[in-house]
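Trainee: Sequence and computational prediction follow.
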There are 2 protein chains.
Amino acid sequence: MNRTQLFEQIKKKSSYLCVGLDTDVDKIPTHLRSAADPVFEFNKQIIDATIDLCVAYKPNIAFYEALGPKGWESLQKTLEYIPKDVFTIADAKRGDIGNTSALYAKAFFEHMSFDSITVAPYMGEDSVKPFLKFKNKWVILLAHTSNPGADDFQLLQSTGSGKKLYEEVILKSQQWATPDKLMYVVGATQAEKIGGIRVLAPDHFFLVPGIGAQGGDLAQVSKFGMNKQCGLLVNSARNIIYASSDKDFATAAKSEATKVRNEMENLLNSLL
Amino acid sequence: MNRTQLFEQIKKKSSYLCVGLDTDVDKIPTHLRSAADPVFEFNKQIIDATIDLCVAYKPNIAFYEALGPKGWESLQKTLEYIPKDVFTIADAKRGDIGNTSALYAKAFFEHMSFDSITVAPYMGEDSVKPFLKFKNKWVILLAHTSNPGADDFQLLQSTGSGKKLYEEVILKSQQWATPDKLMYVVGATQAEKIGGIRVLAPDHFFLVPGIGAQGGDLAQVSKFGMNKQCGLLVNSARNIIYASSDKDFATAAKSEATKVRNEMENLLNSLL
């Protein structure tokens, strides 16, 4: 999917919601646990319930990898079930030396057909570039994350430029790819910082985790982060997929996703 | 495996060689390709040929992940085939928010029973700590890597401490774990830098990739990097496992591993 198509979907659905498919077997409602593939069955019903309300799905790969080979089968089936006009994100945070990154790219873009993958920047250019060689596939580079440990290294200030590490990541990586191939992960927990990041990367999409359970504020994030093509994919996982732990989990997920989507419609109104 | 046991193995085998099981299906000798599981069959024969010459095996997870669910099965079988007195490293370079890192830890330490995993430091403390909760399991944190892009961010100098990013990683992470749980990835391509890193982390083991195909020099690495408990695991992959692409691949691998091990025996002599 390219940037124009993504923005078309945002306008069509009045939504820039990404639903995080962080599907934990221990949290799947009990009535699904006897299914042949409980993880896929759960995801299928979540997708059916939310497909009109979101523009992206983001499985966090750890949840599937923790289940061994059958977890990868659940992931593959989930991905095949998602219609092609919905953007898919492999939240894998990979990053290795060049020829190894090329293998990860093959795994996520060819073996499975994700539109994008999250990548860690620590190893630099040759760890990122192999992911950029695939047409209409995206790298979503970790910039400023929303977890407690984010400040340990991401806020280190460089003597050369005076920039912080996450700013260096954003500036240097723009030499590697255009906003048609590259997005950034920017945490929602300190919304005002997103404004500063928007100045550094005016045209790039930001994937924003941390809304809901982690405490980020959608209105604030949108105020500081939106650009003329929306430029935001805001992720919510637990608040939606675990809105109920009972038989009504899909209806409850739909209801939560609807609330977020309706707020997004209002926030998009000034833009569209 | 704990640190004392690892050093015992090094003394017993007169070797601190780690064999990288970066098994590429396209490079497996043709006569093995009709096997039920060519990747496992290749690994099995490499392990049989090198088990007396090395103290560790390091599968790079990307090579297995690129093959989908059956790649994970090959990996699991490989791991089960390696005797418990040999140290095993999941070269996965994971790193995510805390509860997700906990899932990766479960995948590599429980579902599979690796002794250690390589972890990327970009997301900070809570992305590393979940791996440290398992008894006799290790985190091997990326510090200064050997790839061309390593300098993009790892050499940024911090205004606060005057330290480079990779030095900050080494110093800060020592607050999270002792040398009994934590090692560092330190590339071999600039051996003299290893001396500086040894000053910052006198007791930690370093996993040193970049010998052989990537151009690092074993004698130099050992001169600058060794401590009283050896403190080094030096990885070689392609030079050993692809020493021949023909039916004699295992014999050729043994021959290459023997050369490295004999050089290591000499280098260890001053220590033992």
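Mentor: The structure has been received and is ready for your questions. Note that the coordinates shown come from a computational prediction; the quantities given were computed from them, not determined experimentally.

Trainee: Settle this for me: residue A:46 is touching residue A:21, isn't it.
Mentor: Yes: contact criterion Cβ atoms under 8 Å: residue A:46 and residue A:21 qualify, at 6.9 Å. Quick note: C-beta positions are derived from backbone N, CA and C, even for glycine.

Trainee: Neighbour count: those two, which is higher?
Mentor: Neighbour totals were compared for residue A:46 and residue A:21, and residue A:21 leads with 27 against 24 (other Cβ atoms under 10 Å in any protein chain shown).

Trainee: quick one: the lengthiest helix in chain A to chain centroid distance?
Mentor: Across chain A, the longest stretch assigned as helix under DSSP state H is helix A:249-269. The chain centre lies 17 Å from the centre of helix A:249-269; the measure is Cα atoms, centre = their mean, to the nearest Å.

Trainee: Does anything pack onto that helix? Which helices or strands?
Mentor: Packing contacts for helix A:249-269, counted by 3 or more Cβ pairs under 8 Å, 6 or more residues apart in numbering or on different chains; DSSP states H and E, involve helix A:3-13, strand A:17-20, helix A:38-50, helix A:218-225, strand A:232-236, helix A:238-241.

Trainee: I'd like those as JSON lines, with mean pLDDT appended.
Mentor: Formatted as JSON lines, these follow (pLDDT from 0 to 100):
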{"stretch": "helix A:3-13", "mean pLDDT": "97"}
{"stretch": "strand A:17-20", "mean pLDDT": "98"}
{"stretch": "helix A:38-50", "mean pLDDT": "98"}
{"stretch": "helix A:218-225", "mean pLDDT": "94"}
{"stretch": "strand A:232-236", "mean pLDDT": "97"}
{"stretch": "helix A:238-241", "mean pLDDT": "95"}
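
Trainee: Compare those and give me the one nearest chain B.
Mentor: Nearest to chain B among those is helix A:238-241 (9.8 Å), distances taken as Cβ to the nearest Cβ.

Trainee: Centre of the chain to the closest one, how far?
Mentor: Taking mean C-alpha positions (Cα atoms, centre = their mean), helix A:238-241 and its chain are 14 Å apart.

Trainee: how about the helices of the stretch 51-200 of chain A, start to end?
Mentor: Along the stretch 51-200 of chain A, the segments classed as helices by DSSP state H, counting those that start in this stretch run A:61-65, A:69-81, A:98-105, A:125-128, A:150-154, A:165-173, A:191-200.

Trainee: For the fifth one, C-alpha coordinates in PDB please.
Mentor: Put plainly, it is helix A:150-154. The C-alpha coordinates for helix A:150-154 follow below in PDB (Å, rounded to 0.1, in the frame of the first residue of the first chain):
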ATOM      1  CA  ALA A 150      12.800   5.000  26.600                       C
ATOM      2  CA  ASP A 151      14.700   7.800  28.400                       C
ATOM      3  CA  ASP A 152      17.700   5.600  29.200                       C
ATOM      4  CA  PHE A 153      19.300   6.200  25.800                       C
ATOM      5  CA  GLN A 154      16.900   8.000  23.500                       C
END
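
Trainee: and it, what does it pack onto?
Mentor: Right, helix A:150-154 is packed against strand A:138-144, helix A:165-173, helix B:165-173 by 3+ Cβ pairs under 8 Å, 6+ apart.

Trainee: do the first one and chain B meet at all?
Mentor: Just to be clear, that refers to strand A:138-144. Yes: counting by Cβ under 8 Å from any Cβ of the partner chain, chain B has neighbours in strand A:138-144: residue A:142.

Trainee: Quick check: can you name the pairing partners of that strand and their directions?
Mentor: Strand pairing for strand A:138-144, determined by DSSP bridges: strand A:116-119 (parallel), strand A:182-186 (parallel).

Trainee: Throw those strands into TSV and include mean pLDDT and mean neighbour count, thanks.
Mentor: Output for those, formatted as TSV (pLDDT from 0 to 100; neighbours: other Cβ atoms under 10 Å in any protein chain shown):
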stretch	mean pLDDT	mean neighbour count
strand A:116-119	98	28
strand A:182-186	97	26
